[in-house]
Structure formats: structure tokens, C-alpha cells
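Peer 1: Give me a 3D structure for the following:
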Amino acid sequence: MPTEPRVPLSRPTRLPASAEGAASAFSAGDIDGYGPANRSCEDLLTRHFGAATLLVSSGTHALELAALALDLTSGDEVIVPSFAFVTTAAAFARVGASLRFVDCDADGNLDLDDLPRAITPRTRAIVALHYAGGCCDLARLTRIAGEAGVLLVEDAAQSIGASFDGRPLGTFGRIGCLSFDSMKNLTAGQGGAVVINDPESLDRCHRIRDRGTNRRDFLAGRAAAYEWTDAGSNFSLSGLNAAVLEPQLRRLEEINERRRILWQRYFDALASPLAAAGARIVRPAPRVRSNAHLFAMVWPSRALRDRFLSFLDDGGIGAAFHYTALHRSSFGRRYVTEGERFPGSEVLADGLARLPLFDALSEAEQSRVIER
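Peer 2: Next comes the predicted model:
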């Protein structure tokens with residue numbers, strides 16, 4: 001049995017300024033969703049993306065807000081990757097849309113060769129999950145979506161600070177959805193954001209986030225009464241969570257660069273032995289600048305992957321696999337039509353394993369993982 005402390009899969013990013021900011025917000029009473037920390041976070045995000053960005057209470061709510069803002073309803077089809085976290089699909093199923101699964105490539109992103117067969121006259125949107133801080137060929141994806149007259153939504157939950165051809169992930173679709181939960185590069189505890197790349201959608205997103213009211217217009221003197229004007233919910237982020245997030249946003253590139261250094265150290269040490277053992281490392285495409293959200297590999301079988309994870313666990317290393325493929329899940333199977341196959345997603349679901357990676361991972365801890 002290991003005698004050293006366990007190396008966890010992840011630790012939330014912790015900055016002293018985050019704790020100080022939360023204490024200050026609480027002391028000042030700025031704990032609702034409209035205080036100075038919220039405004040500062042939204043300003044920082046808007047400058048980063050070059051598009052209006054609104055904080056919401058979770059990455060799940062970011063996706064749900066996108067589904068509402070696009071007026072997706074029953075009768076509409078939405079294409080989602082079959083290897084994804086459940087909320088990537090559930091947010092659109094929740095508004096009544098019918099899901100169409102598309103296979104994923106070897107690095108966890110939409111398989112663009114499989115995409116065209118899933119587009120039908122009923123298709124309203126394609127949801128692209130940017131896996132591990134990478135992405136598919138977004139130039140090709142936007143071309144496919146544009147030619148089909150289909151909206152693009154980016155599930156950029158794992159991708160804050162990553163880019164494709166120098167352009168931030170989250171800015172290619174109509175709406176980009178971010179997450180700031182405890183496993184992400186930046187964390188608010190719970191939190192998320194929507195990047196709104198269509199100016200006409202901005203007012204709608206404000207109304208949906210503010211319980212379906214015209215609160216923003218009323219406070220700005222553009223409405224005579226504060227009233228219910230749209231579908232919506234309480235999607236706003238607490239000022240306490242925003243205060244935790246705000247100092248991290250100011251150090252986004254520093255935090256991501258630390259993760260890139262750790263990712264590269266893993267790669268340099270492990271690429272050859274993993275290849276010799278039959279495993280392939282998940283890597284960003286050449287046109288992608290990753291934020292090093294994950295260090296993952298894919299084993300050729302579930303049995304070998306599980307043996308590997310068990311061996312690391314016995315050595316005090318908190319490694320893990322990732323998603324069950326959505327088309328295999330009890331709820332997801334209702335959206336699979338006869339004859340559809342998703343071999344790439346199944347390889348990932350059966351073989352993928354992740355190693356500990358977080359900004360505070362010490363060199364000694366990483367050396368333990370590498371040596372094991």
C-alpha cells in the first residue's frame with residue numbers, strides 16, 4: 001500500500017485573492033447576480049472573446065439558455081456528439097428537440113466525415129463539444145453548417161483560453177457555452193457563461209437569464225414597468241461565486257501555461273512507453289492552441305484500460321476514465337435509429353484514461369505519476 005499522500009485526479013484552482021474576494025463580497029452584501037464581481041468577470045470575458053459574455057450559474061444552464069435562446073422545440077433536430085457529457089445532449093432534449101448522434105474522432109471531437117449523413121431538413125442546430133481543450137476543424141464545421149443553413153452551438157466547457165487558428169474557442173458558433181465547475185481550468189465552485197456571437201441574441205439572452213423579465217431594460221429606463229416578457233429562469237451566478245472566479249480570469253493565461261507545461265512533461269516522458277504498450281495519447285490538432293484541460297490516453301480495450309486504472313489506484317494515483325457513450329445510455333438509446341454505428345465513440349468510452357492534471361500539481365507529484 002502507498003505511504004505517500006494520494007495524488008488526486010484534480011484539485012480546484014485556488015488563489016488567495018479568490019478567498020479574499022468572496023469574503024469582501026459577503027461583507028459588502030454583493031451576493032446577488034449583479035454585483036461588481038459579476039460585472040468585472042463579464043468585462044474580462046467579453047474582452048477575451050471579443051463578444052458579449054454573460055455569467056450563468058453553471059455550464060448546464062449555459063447550454064439550457066442556448067437551447068431557449070435559439071427557440072428549439074419539438075420537431076427540431078439537434079446534432080450532438082455521441083461521446084460527450086450528458087448535459088451536452090440533455091439541455092436540448094429538455095426543450096423537446098429530437099437528438100441525432102454523430103460519431104467522434106480519435107481525439108474526442110465531432111467526426112466531420114460522419115456529420116453530413118445526420119443532417120436532415122429538420123436539423124436546426126449542431127452542438128460541437130471541444131474535448132480536452134481541443135476541437136475539430138472549425139473552419140470545415142462552420143462551412144458545413146453554413147451550407148446546410150444550420151445553427152452552430154459550441155460546448156466549450158473544457159476550453160477556456162484555447163483557440164483554433166488564433167481565434168478563441170467559443171466564438172465560432174451562434175452561442176458558446178462555458179463551465180467554471182471545480183474540475184475546470186478556472187473554477188467558481190459552480191458557474192458558467194454564454195458567449196453571444198450574434199448581437200441580435202444578446203437582449204434575448206439577458207431576458208432568459210433574468211427569469212424571463214425585462215429587468216435590464218427597466219433598470220436602464222427603457223421600459224416603464226418591470227414585467228414578464230419571455231420564457232426564462234433564474235440563470236444568474238451568485239456574486240460570491242463571481243468573486244471566486246474574478247482573480248482567476250485575470251490570470252487565465254498564467255494558469256493555462258502552467259497546465260501546458262505539465263501536459264508536455266507527461267507527453268515527453270510517456271509517449272514512447274505508452275505507445276509500446278498499445279496506448280495512444282489524445283492530442284490537439286496542429287491548428288489548435290490547447291488549454292491543456294486533460295492529459296488522456298486511449299487503450300485498445302476496456303479490460304486493459306481498467307487494469308491500468310486499477311494499477312494506478314493501488315499506487316495512490318487518482319486516474320479515471322471519462323464518459324459512457326451517450327448512444328449506449330438507457331435514455332440516449334431512444335435517439336438511435338436502426339443501423340447507426342458510432343465506433344469512434346465506443347473506442348473512447350472503452351479505452352480512455354486520464355491522469356492527474358491541475359495547475360497546483362507539483363513536480364514531485366507528477367514524477368510519482370510518471371514513475372508509476
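
Peer 1: in the longest strand anywhere in the chain, what's buried?
Peer 2: Among the segments of the chain that qualify as a strand by DSSP state E, the longest is strand 123-129. Of the residues in strand 123-129, those with enough neighbours to count as buried (16 or more other CB atoms under 10 Å) are 123, 124, 125, 126, 127, 128, 129. Placement of C-beta: from N, CA and C, glycine included.

Peer 1: what does stretch 327-345 give?
Peer 2: Under the neighbour-count criterion of 16+ other CB under 10 Å, stretch 327-345 has 327, 328, 332, 335, 336, 340, 342, 344, 345 buried.

Peer 1: Sort out for me which of these are in helices.
Peer 2: Per DSSP state H, helices hold the following members of those: 344, 345.

Peer 1: Quick check: the farthest pair among the buried residues of stretch 327-345?
Peer 2: Taking every pair in the buried residues of stretch 327-345 and measuring CB to CB, the maximum separation is 17.5 Å, between 335 and 344.

Peer 1: element containing residue 305, please.
Peer 2: Assignment of secondary structure by DSSP states H and E places residue 305 within helix 302-314.

Peer 1: Ok, residue 297 next?
Peer 2: Under DSSP H and E, the secondary-structure element containing residue 297 is strand 295-298.

Peer 1: Low-confidence regions, the stretch 151-300 of the chain specifically.
Peer 2: The model of the stretch 151-300 of the chain has no residue with pLDDT under 70.

Peer 1: With just CA atoms, put the longest strand of the chain into PDB.
Peer 2: Below are the C-alpha coordinates for strand 123-129, written out as PDB (Å, rounded to 0.1, in the frame of the first residue of the first chain):
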ATOM      1  CA  THR A 123     -31.900  19.900 -38.400                       C
ATOM      2  CA  ARG A 124     -31.800  23.200 -36.600                       C
ATOM      3  CA  ALA A 125     -28.500  23.100 -34.700                       C
ATOM      4  CA  ILE A 126     -25.200  21.300 -34.400                       C
ATOM      5  CA  VAL A 127     -23.600  21.200 -31.000                       C
ATOM      6  CA  ALA A 128     -19.800  20.800 -31.000                       C
ATOM      7  CA  LEU A 129     -18.100  19.700 -27.800                       C
END
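
Peer 1: which residues of the chain fall in strands?
Peer 2: Counting by DSSP E, the chain has strands at residues 52-56, 77-81, 98-102, 123-129, 151-155, 163-164, 167-168, 175-179, 192-196, 280-281, 288-289, 295-298, 352-355.

Peer 1: For residue 38, which of these is the nearest?
Peer 2: Shortest distance between residue 38 and those, using CB to CB, is found for strand 52-56: 5.7 Å.

Peer 1: nearest to residue 79, of the buried residues of strand 123-129?
Peer 2: residue 126 (4.5 Å).

Peer 1: Leaving out chain neighbours, which residue sits closest to that closest one?
Peer 2: Leaving aside its sequence neighbours, residue 126 sits nearest to residue 79 (CB to CB, 6 or more residues apart in numbering; 4.5 Å).
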